[in-house]
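# When you get a sec, could you give me coordinates for this:
(chains A and B)
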Number of protein chains: 2
Amino acid sequence: MTFRAPVRDLAFALKTVGHSALMSQAFPDLDEDTVVAVLEAAGSFTESELAPLNRKGDTEGAKYANGKVTAAPGFAAAYQAFVAGGWNSLSADPEHGGQGLTGALGLAVFEMVHAANMAFGLCPMLTQGAIEALALHGTERQKRLVLPKLVSGEWTGTMNLTEPQAGSDLAAVATRAEPDGQGGYRLHGQKIFITWGDHDAADNICHLVLARLPDAPPGVKGISLFLATKRLVDEDGALGDPNDLRAGSIEHKLGIHGSPTCVMLFEGAQAELVGELNNGIAHMFVMMNAARLQVGVQGVAIAERAFQQALAFSQERKQGRAAWAPDGAIYGHPDIRRSLLLMKAKIEAARAICLSTGVLNDVARLATDEAARAVAKARAELFTPIAKAWSTDVGVEVASMGVQIHGGMGFIEETGAAQHYRDARIAPIYEGTNGIQAIDLVGRKAPMENGGVMDALAAEMHDTARTLAGSPGLEAVGARLEAGVAALERATDWILANKGPNALSGATPYLKLAGDVLGGWMLGLQALALVDATDDWSMSKAALARVYAAQVLAQAPGLAEGVMEGAADYEAVSAHALGG
Amino acid sequence: MTFRAPVRDLAFALKTVGHSALMSQAFPDLDEDTVVAVLEAAGSFTESELAPLNRKGDTEGAKYANGKVTAAPGFAAAYQAFVAGGWNSLSADPEHGGQGLTGALGLAVFEMVHAANMAFGLCPMLTQGAIEALALHGTERQKRLVLPKLVSGEWTGTMNLTEPQAGSDLAAVATRAEPDGQGGYRLHGQKIFITWGDHDAADNICHLVLARLPDAPPGVKGISLFLATKRLVDEDGALGDPNDLRAGSIEHKLGIHGSPTCVMLFEGAQAELVGELNNGIAHMFVMMNAARLQVGVQGVAIAERAFQQALAFSQERKQGRAAWAPDGAIYGHPDIRRSLLLMKAKIEAARAICLSTGVLNDVARLATDEAARAVAKARAELFTPIAKAWSTDVGVEVASMGVQIHGGMGFIEETGAAQHYRDARIAPIYEGTNGIQAIDLVGRKAPMENGGVMDALAAEMHDTARTLAGSPGLEAVGARLEAGVAALERATDWILANKGPNALSGATPYLKLAGDVLGGWMLGLQALALVDATDDWSMSKAALARVYAAQVLAQAPGLAEGVMEGAADYEAVSAHALGG
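Residues are numbered from 1 along each chain as shown, chains lettered A, B, ... in the order given. Prediction:
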């Protein structure tokens, strides 16, 4: 199955979610032709260079032998082509060698990279996080010698957070950083689940590592961020000796076999401090927030890939009498058609949520008006956990629906649909599980400004609902969005009034509700943007908004009841009573 | 991870769903102690003999070499132990060597078999289908020489339906059956996706095969059912020469690796007609309906297994400060606890739906009162597609939630949670995809007696809702069930009033709605059965009913809107507009 880069949908989504006059504040000179040209070039690269490696990455995977990791067949050469094409430096600051394009456009490009080959995309994705961390908190030396290599992609980056006892709870990080008496440090410890922690696709690997000094305070306030490179870097930037760190093994995983997930052993590795001592968690959050949004984009990407494959299969496979296909193609069966439209509607909704979060990040960083920056920053913070969790849940759901449309063939590995189902499953887990995102949403984000950030969003969504209600063909979308926003407001009020276990036990349904409503809003905006167009593609956007409103938004009031149920029943039930 | 047979939950479910005075009509002498004793013995067998092979079945799987299939390591010996223990003959008619226990109890036993080892369970499950077909439609010779061997389990059975061009559409079956001039037939053709089509775990394999005579009418009315055994059977029952049929290959699948899925080649195989010429589809439906319910049970089973593993992990894994666990076990985190209770509630609901369908089948077969048989038969027919589709969707959903609770460990194959996620995915596909079940529900089952079967069910559910509304602690369950049943009635009316594409495009949400409401009713009945009990386990049933009502039933009115949306938007959208 070939991958076709969804350039038109991406360009449209970027245009629509950037239309709130926000984007022009950050990039006054950006014109649509440039956006489309970049998307087309990237799309072509992902179709021809990355997509063909996806299955081989799955079946053969990365290999570990003699303490070294070899990337999956073809991946190293593809990575070199990726770097040579300039795709790694798209959104980075020109000051560090980047091309200075918008972050939102960079996300759109990454969506295609992940869709073509999610295991491959993880390598440059992690590098982006390292770039952000060093750009914000790096020393002069790091910015001079390391950052440009990461921006170009000559070197790659990793995030070394997790340890066996420290997953969601980073306070438990135990890797030690001992001062070496010369201003540097030596790292001792073991990290697990390190994505692309070792490989042979680039000359050097820059590990950003959480560790604690021997005399550091306990908990999160004693954790610092360090940079340790696979090979040491001389003062002139040349590569020196291997550092005292290595991959101990790679994991045997459900999916993304082309991405080596390493156990990393730090055995006295030379390291430099990044940012302030004991402030490592805060610095790492810079990387994590960027990565969270990227993982949300992965959810969109894998869903898009699964959708394309299911759509193609549904046009080829013939079974029985199909109401809407004289040749019996299963695309003509109403039940199959319904699945496909719902898949597509959720993809478009998730795509718009992720790209709008990217736009907000751009505005928060670059808008000339300080108030505009602050507003955008707060909304981006609100959107980030939703973009990550809701979109990755959509990824799993759509990949599963894609298997289903294939019938028995979907369960056969050679078909390829099963790979998406396996690959998709990691996205709700890494970069903060979706449960952690939900807790972030109810504990930190929804309460921002005493609910004011959510209030402003709800007000905008009500406006859109009213416009929809007055637009021919979109009246029902308006009514359902109105009811959905009202349900979200009720749930938000309840969350703000109920701290602790009550709010926490409602966290996951609350995030789902917020994502469902936000997605409906986005599809409504897209339908309104094309309300006068009469071509097939444009009219399909209104159809998707209606399908989504009937199949998803209509359940928002019921979902809100689940949010507001309270913790009593959960608290009372013992594991023993459940059979444990 | 060890498997613990959920004997108490199963016995309780059987007792509760059999309490409507139905079961005693079919088995007046059945006492609860016998039920529990059988469940305990079966549970012990599945825990000690089948569960330990589950992972090896996944990692090593069945093997194909030199035209023969070898079962996964340990599976053949386990099968012999299964047969020796009498587990294969539990529910079969004593006239054919069976033990004559209730079919519902047999289903409960099979739930434990599938939970312990789903790939293994498929072998005797398919045999059950063959037993039913021969018991109803077999010739005297087949009943004398073949049926007792299938009942004892000495020989196994298969269903040979699917061909490359004939999946959901059996009208396209092309395998030829040529009369051999001596009253028999020779089969020529290729069948695919044949579960346990070949193996070395039993002496003989009895293939029930759909094929058509050279002069048969086209379509489903020209298909007949045949029996072809792997080895020929002499008149005295002794095994003769190998038949002209063989496995051509086995599939490389997403899951259930321990179950060999064969391409079967019929190369002039000797075969006997089963039942009437050209009535094979109707005869095969006997097997398929039994198998559909069994597959529903597989959904429950894999969910139970995944739940047990997640529950155990949540008690061992410590991360951060947990509101309800001083030691930090993640079972004490409200968000994790919520997931676990929702998993358990859906399992109990699906279990009750499947077992009650089994009870209805027993009553339809054995009750002395003809009117009672007819009522039970109609309701069993209504329940069967729901039991199959809704329970298997629960299987996938719960297995996915099980992976999620494990965090990063869930994505590592050695943990075992990923195997459940992979294994679970086949159940919504085989024995009629869940889309086919939904079409069966809206096209055939809901319209039975002009909606009268559904009306009678709704009336009973309203009664239960009223009782719940008057029971302390269950008032909200009653209110939500009441609203859910009303939503189901609205949707049913709409389905009955809208034939063709409108109803078909609402089929999948309608089945989900029906299952959601039916599940809520079952949990309500279970909570009422224990309303005066005060032990942990009993009180947890009320908590599960409340959780389910708030998290699932509350969305029924919104789901009904999705059912009643109509087909216009689906019909209008071209594949091209979607990117195809």
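# so what's A:S91 up against?
A:G98, A:Q99, A:G100, A:L101, A:T102, A:G103, A:L105, A:G106, A:Q128 (CB atoms under 8 Å, 6 or more residues apart in numbering or on different chains). Heads up, the C-betas are built off the backbone N, CA and C, glycines and all.
# Just the C-alphas of the worst-scoring helix or strand of chain A on mean pLDDT, formatted as PDB.
Here the helix or strand of chain A ranked lowest by mean pLDDT, DSSP states H and E is helix A:23-26, holding a mean of 70. Extracted in PDB, the C-alpha atoms of helix A:23-26 (Å, rounded to 0.1, in the frame of the first residue of the first chain):
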ATOM      1  CA  MET A  23      -0.800  33.500  12.500                       C
ATOM      2  CA  SER A  24      -0.200  36.700  10.700                       C
ATOM      3  CA  GLN A  25       0.900  38.200  14.000                       C
ATOM      4  CA  ALA A  26       3.800  35.700  14.100                       C
END
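# centre of the chain versus that helix, how much separation?
23 Å (CA atoms, centre = their mean, to the nearest Å).
# next one: stretch A:516-531
Counting by CA atoms, centre = their mean, stretch A:516-531 comes out at 21 Å from the chain centroid.
# quick check: mean pLDDT across that stretch?
Average pLDDT, stretch A:516-531: 97.
# ok, that stretch near chain B or not?
No - judged by CB under 8 Å from any CB of the partner chain, stretch A:516-531 and chain B are separated, with a smallest distance of 10.3 Å.
# rewinding a little: show the buried residues in the contacts of A:S91.
A:G98, A:Q99, A:L101, A:T102, A:G103, A:L105, A:G106, A:Q128 (16 or more other CB atoms under 10 Å in any protein chain shown).
# Can I take it that A:A269 is in a strand?
Yes - assessed with DSSP: H, G, I helix; E, B strand; the rest coil, A:A269 lies in a strand.
# surely it meets A:N243?
Yes - under the criterion of CB atoms under 8 Å, A:A269 makes contact with A:N243 at 4.9 Å.
# more neighbours, those two?
A:A269 (26 against 22; other CB atoms under 10 Å in any protein chain shown).
# need the residues of the stretch 1-150 of chain A near chain B, please.
Counting by CB under 8 Å from any CB, the stretch 1-150 of chain A comes close to chain B at A:R4, A:P6, A:R8, A:D9.
# Which of those are buried? Put it as a PyMOL command.
To isolate in PyMOL the members of those that are buried, counting by 16+ other CB under 10 Å, one can use:
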select buried, chain A and resi 4+6+9
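# With secondary structure and pLDDT as extra columns, can I get the residues of the stretch 1-150 of chain A next to chain B in CSV?
As requested, those are exported to CSV (DSSP: H, G, I helix; E, B strand; the rest coil; pLDDT from 0 to 100):
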residue, secondary structure, pLDDT
A:R4, coil, 97
A:P6, coil, 97
A:R8, helix, 95
A:D9, helix, 96
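# what touches both of A:A269 and A:N243?
Counting by CB under 8 Å, 6+ apart, the common neighbours of A:A269 and A:N243 are A:A228.
# Flag every residue of the stretch 401-550 of chain A that's near chain B.
A:403-404, A:407-408, A:410-414, A:418, A:421-422, A:425-426, A:428-430, A:433-435, A:438-439, A:500-501, A:504-505, A:507-509, A:536-537, A:539-540, A:543, A:546-547, A:550.
# Restricted to helices, list these.
Per DSSP state H, helices hold the following members of those: A:403-404, A:418, A:421-422, A:434-435, A:438-439, A:501, A:504-505, A:507-509, A:536-537, A:539-540, A:543, A:546-547, A:550.
# and the residue nearest in space to the middle of chain A, what helix or strand is that in?
Of all residues in chain A, the one closest to the mean position by CA atoms, centre = their mean is A:V295, 2.0 Å from it. Using DSSP states H and E, A:V295 sits within helix A:280-316.
# Okay, buried residues for the next helix or strand after that helix please.
For helix A:280-316, the succeeding helix or strand toward the C-terminus, using DSSP H and E, is helix A:334-366. By neighbour count on 16+ other CB under 10 Å, the buried set for helix A:334-366 is A:334-364, A:366.
# contacts with chain B among these, please.
A:P334, A:D335, A:I336, A:R337, A:R338, A:S339, A:L340, A:L341, A:K344.
# would TSV of the residues you listed with pLDDT be doable?
Formatted as TSV, those follow (pLDDT from 0 to 100):
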residue	pLDDT
A:P334	97
A:D335	97
A:I336	97
A:R337	97
A:R338	98
A:S339	98
A:L340	98
A:L341	98
A:K344	98
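# thinking again about what came up before, please pick the buried ones from the residues of the stretch 401-550 of chain A next to chain B.
Neighbour-count burial (16+ other CB under 10 Å) is assigned, among these, to A:403-404, A:407-408, A:410-413, A:418, A:421-422, A:425-426, A:428-430, A:433-435, A:438-439, A:501, A:504-505, A:507-509, A:537, A:539-540, A:543, A:546-547, A:550.
# Now whichever residue of the stretch 101-250 of chain A sits closest to chain B. Its backbone dihedrals?
Closest approach between the stretch 101-250 of chain A and chain B, counting by CB to the nearest CB: A:D169, at 3.9 Å. The phi/psi pair for A:D169 (degrees, to the nearest 10) reads phi -100, psi 90.
# Kindly report the same for A:D29.
Backbone torsions of A:D29, given as degrees, to the nearest 10, read phi -100, psi 0.
# Let's verify A:G255: helix, strand, or coil?
Once three-state DSSP is applied, A:G255 turns out coil.
# who touches the closest residue to A:V109 other than its chain neighbours in this structure?
In space, and not counting its chain neighbours, A:V109 is closest to A:A42: 4.3 Å by CB to CB, 6 or more residues apart in numbering or on different chains. Shown in contact with A:A42 (CB under 8 Å, 6+ apart): A:A5, A:W87, A:V109, A:M112, A:V113.
# and with 10 Å instead?
A:5, A:7, A:10, A:85-87, A:90, A:105-106, A:108-113, A:116 (CB atoms under 10 Å, 6 or more residues apart in numbering or on different chains).
# Of those residues, which is the nearest to B:N160?
Among the contacts of A:A42, A:A116 lies closest to B:N160 (CB to CB), at 39.5 Å.
# So that closest one is in contact with A:P52, correct?
Yes - here A:A116 reaches A:P52: they are 8.7 Å apart, a contact under CB atoms under 10 Å.
# Quickly list what the residue nearest to A:G248 when sequence neighbours are not counted is bridged to.
Of all residues not flanking A:G248 in the chain, A:V263 sits nearest, at 4.1 Å (CB to CB, 6+ apart). Under DSSP bridges, the beta-bridge partners of A:V263 are A:S249.
# so A:V263 touches A:L245, yeah?
No - under the criterion of CB under 10 Å, A:V263 is not in contact with A:L245, lying 11.3 Å apart.
# neighbour-wise, which of those two wins?
A:L245 (25 against 19).
# ok, now which ones touch the more buried one?
Neighbour list for A:L245: A:160, A:187, A:189, A:191, A:197-198, A:205, A:207, A:209, A:228-230, A:264-271 [criterion: CB under 10 Å, 6+ apart].
# which of those residues count as buried?
Neighbour counting by 16+ other CB under 10 Å classes A:160, A:187, A:189, A:191, A:197-198, A:205, A:207, A:209, A:228-230, A:264-266, A:269-271 among the contacts of A:L245 as buried.
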